[in-house]
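Q: need coordinates for the below:
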Amino acid sequence: MGRARGFTLIELVIVIIVVSIMAAVLTPMTLSGLLAYNTTQADLVVLDKLRYATERLAREIREVNYNSSNGFAFAAPVGATCTAGTLGMCPNTMIFTRTFLDASGTASTATVTISNTGSAVKLAYSTPTVAAQTLTDELNGTTGLSFTYLTSDGVTTTTDPKLVRSVQISLTLRHNGSNYTQRTRVELKNIT
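A: Down below sits the predicted model:
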């Protein structure tokens with residue numbers, strides 16, 4: 001009769017011990033890798049929200065109407081008690097008039113309102129009247145959105161709508177204890 005082959009009890013115990021040691025070492029590394037991946041994905045989502053909100057605000061602000069006698073058509077928020085001078089603009093709210101063209105080329109004027117409502121940046125139009133759109137909902141409090149109005153030199157701030165040539169948007173989002181800030185300068189459309 002041939003000798004039966006197999007594993008001895010000692011060999012099986014040694015394999016179980018080696019596999020247990022490997023599992024004890026590899027499990028924390030795998031979990032930390034998954035945690036890093038989830039954190040990175042969450043950060044990318046926040047950065048995408050930040051980019052979208054900033055680009056959307058820039059696209060709207062670029063279209064502020066201009067009148068040679070009054071300057072750019074900024075308006076004061078109702079009941080505003082801010083000290084932004086003749087622009088009537090609060091540092092974290094902007095209201096202005098712009099012209100839209102429909103598919104047939106007919107122009108219509110609408111008031112655009114960009115506001116900071118706690119943790120959200122909202123964009124609303126007077127015509128057509130629709131509910132305000134939330135551009136992002138992770139704003140870093142009331143200071144997370146601010147506007148700076150600059151003259152043609154790009155350095156000097158102004159509160160005179162006739163002298164404004166660009167607007168700097170500063171947007172800060174907060175996610176998992178980290179702040180993500182983006183600043184964008186918007187050159188207003190050419191004055192004719």
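
Q: what about the protein, any weak spots by pLDDT?
A: Applying pLDDT under 70 to the chain flags the ranges 1-2, 4, 76-91, 128-129, 190-192.

Q: got a list of what the residue nearest in space to the middle of the chain touches?
A: Nearest to the mean C-alpha position of the chain, by CA atoms, centre = their mean, lies Leu50 at 2.4 Å. By CB atoms under 8 Å, 6 or more residues apart in numbering, Leu50 lies in contact with Thr136, Leu171, Leu173, Tyr180, Gln182. The way it works is simple: take the backbone N, C-alpha and C, and place the C-beta from them, glycine included.

Q: the strands in this protein, which residues?
A: 66-67, 71-72, 74-75, 94-101, 107-117, 120-125, 133-136, 145-150, 166-175, 178-187 (DSSP state E).

Q: and the fifth one, what's buried?
A: Of the residues in strand 107-117, those with enough neighbours to count as buried (16 or more other CB atoms under 10 Å) are Ala110, Val112, Thr113, Ile114, Ser115, Asn116.

Q: then it to PDB, C-alphas only?
A: As requested, the backbone C-alpha atoms of strand 107-117 are provided in PDB (Å, rounded to 0.1, in the frame of the first residue of the first chain):
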ATOM      1  CA  ALA A 107     -34.500  91.300 -26.500                       C
ATOM      2  CA  SER A 108     -36.000  91.300 -23.000                       C
ATOM      3  CA  THR A 109     -34.600  92.700 -19.800                       C
ATOM      4  CA  ALA A 110     -34.400  90.800 -16.500                       C
ATOM      5  CA  THR A 111     -33.100  91.500 -13.100                       C
ATOM      6  CA  VAL A 112     -30.600  88.900 -11.900                       C
ATOM      7  CA  THR A 113     -30.100  88.300  -8.200                       C
ATOM      8  CA  ILE A 114     -27.000  86.500  -6.800                       C
ATOM      9  CA  SER A 115     -27.400  85.900  -3.100                       C
ATOM     10  CA  ASN A 116     -25.700  84.200  -0.100                       C
ATOM     11  CA  THR A 117     -28.400  82.500   2.000                       C
END
